[in-house]
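>>> need a structure here:
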Amino acid sequence: MSRSVRVAPACAAVLLAVALTACGAGAHGTLGGFGVRDPFFPKAGNGGYDVTHYGLTLAYDPRTSRLSGKAAITARATQDLSAFDLDLRGLHVESVTVGDHSARWDRAGQELTVRPRDELDDGETFRVTVRYSGIPEPITDPDGSQEGWLRTADGALALGEPTGSMAWFPGNHHPSDKASYDLAVTVPKGLGAVSNGELTGERTTAGRTTYTWHTAEPMASYVATLAVGRYDIHRYDITRSTAPAGLPVYVAVDPTKAAASKKVLAGIPKIMEWAEYNFGPYPFSSTGAIVDRDADADYALETQNRPVFPGAPDTGTLVHELAHQWFGNSVTPKTWRDMWLNEGFATYAEWLWDEDHGGDSAQKTFDALYDHGADIYEDLWDFPPARPTSAAHISDSPVYQRGAMVLHRIRQTVGDDTFYDIVQGWAAAHRHGNADTADFTAYVEKQAPDEDFSGIWEEWLYGDGKPAKG
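The predicted model follows:
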């Protein structure tokens, strides 16, 4: 492709830009910004381009803990670029190419800055390929929990919320940039390798097995996963009234957790049918679960297609993580400040499940939480769900419990028919996209124009302290 190049008048005029362009080469592009200025994780993600696809080729051996990888990233420039950044924590970078040409690169912290031989034009599609290796490490979150690459008794578990995916592959690691994925991972024979999407191949040669996975629907990198270890695998299809084709289910369970998990995981078809009835069509092409050992992680996570559970889940947790496939994975927050749009919906899904299956009504749960919730959740009224105080608090109880209470107050205001129209319409309107709190409040007001939501927004969503019950 031809490019227009503006020639610099003299080498002296570009001395300050020598880090970006060779003297005399000229430049019309600029450096894509590092970080997208997320209010809580300002270095996460990068400016200047949009990733459309990740092609990851990995090999991992638990005996040495060594990971080797090739990431072929297809992206579209959103401005003229002389250089751009990728997020990668640790690991040794061996080479970088853009298109067919080697590219210069350097590193500073989690930033891998790539300088292609030829500048990239605004709107141009390009491929950057990074070869890397090393021993990936976990990342400690601001709240003290660990994510990233977690070594387990028989393999490894990769969890990415909020920034952990940069521990095992380079990318644009912010929820605002979603992409499709192809992953091929090679492990010693006898071990499994489970990821997102659908298993498209399994081949064993010379004592090593390669598994290939394909994720067609857009996915934020924080819900990408890879689980390596010994698993009991269960595959079947769910017959659905909402679609002519069955929904494939892929469940991987650590053998030590098979007996304890069996009854709850058998409920996946029933949960999925209930969720589609309440939230609308399932947004992905398969579902399932990954169950590892209790010590492998400190939390369950809504990894796309098949959530991860440390130990056998209970039904409420399974409902919560499967509800995230609509709220969080398909409708993904624009920034980490909007975490309540994930967790409030998933928590309220638990309330609705209980209400529909012989448990407490959502109203009774709301009343008990309002009257006595602070006895269980000491921080319940510390901050409003839409305004966490820092990155360390985006997973605190106001985001989950008070977030669910906001949804219940909306339901109280509009009634069940309009409420479920709002829930399903919200999931449909932003399917496979990103949205923030302002988008949500505007959507609710549009669907119920005769109602006054100002009190809910001011007191429950954004207000400090314990609101009036209403």
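>>> what ranges do the helices span in the chain?
For the chain, applying DSSP state H gives helices covering 258-265, 268-279, 315-323, 340-356, 362-376, 397, 403-414, 416-429, 437-447, 454-455.
>>> Out of those, the one nearest R293 is which?
helix 258-265 (10.9 Å; CB to CB). Backbone N, C-alpha and C define where each C-beta goes, glycine included.
>>> Report all helices and strands that the closest one contacts.
strand 247-253, strand 287-292, helix 315-323 (3 or more CB pairs under 8 Å, 6 or more residues apart in numbering; DSSP states H and E).
>>> quick revisit: quick one: which of the helices of the chain is nearest I135?
Short answer: helix 315-323, nearest of those by CB to CB, at 29.3 Å.
>>> What lies in contact with the closest one?
Helix 315-323 has contacts (CB atoms under 8 Å, 6 or more residues apart in numbering) with 264-265, 267-268, 271-272, 275, 279, 287, 289, 300-302, 307, 309, 313, 345-347, 349-350, 353-354.
>>> One more pass at 6 Å, please.
Contact partners of helix 315-323, identified using CB atoms under 6 Å, 6 or more residues apart in numbering, comprise 264, 271, 300, 302, 307, 346, 349-350, 353.
>>> Of the residues you listed, grab the buried ones for ChimeraX.
A single ChimeraX command is used to select the members of those judged buried by 16 or more other CB atoms under 10 Å:
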select :264,271,300,302,307,346,349,350,353
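>>> how many neighbours does T205 have?
Residues lying near T205 (other CB atoms under 10 Å) number 9.
>>> still on that earlier bit, out of the helices and strands packed on helix 258-265, deepest packed?
Most buried of those by mean neighbour count (mean count of other CB atoms under 10 Å) is strand 287-292; its value is a mean of 25.
>>> Sheet-wise, list the partners of that one with their directions.
strand 247-253 (parallel), strand 308-310 (parallel) (DSSP bridges).
>>> With mean pLDDT and distance to S330 added, can I get those in JSON lines?
Listed next are these as JSON lines, based on pLDDT from 0 to 100; distance: least, CB to CB, whole Å:
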{"stretch": "strand 247-253", "mean pLDDT": "98", "distance to S330": "15"}
{"stretch": "strand 308-310", "mean pLDDT": "98", "distance to S330": "18"}
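>>> and the ones you listed as TSV, adding distance to E378?
TSV is the format used below for the strands paired with strand 287-292 (distance: least, CB to CB, whole Å):
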stretch	distance to E378
strand 247-253	35
strand 308-310	24
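>>> If T212 is in a bridge, with which residues?
When bridges are called by DSSP bridges, T212 pairs up with A184, G201.
>>> who's in contact with it?
By CB under 6 Å, 6+ apart, the residues touching T212 are 184, 200-201.
>>> swap in G463?
With CB under 6 Å, 6+ apart, G463 has these contacts: P384.
>>> returning to that earlier point: to P175, which of the strands paired with strand 287-292 lies closest?
Proximity to P175 (CB to CB) singles out strand 308-310 among these, at 17.5 Å.
>>> quick one: contacts of that closest one?
So strand 308-310 is in contact with 225, 290-292, 294, 296-297, 300-301, going by CB under 6 Å, 6+ apart.
>>> at 8 Å what do you get?
Outside strand 308-310, the residues that touch it by CB under 8 Å, 6+ apart are 157, 159, 225, 227, 261, 289-301, 317-318, 321.
>>> if we can go back for a sec, of the strands paired with strand 287-292, give the one that comes closest to E137.
So among the strands paired with strand 287-292, strand 308-310 is nearest, using CB to CB, at 18.7 Å.
>>> so how far is that closest one off the chain centroid?
Mean-position distance between strand 308-310 and its chain equals 15 Å (CA atoms, centre = their mean, to the nearest Å).
>>> again, but for stretch 328-335
Centroid separation between stretch 328-335 and its chain, computed with CA atoms, centre = their mean, is 8 Å.
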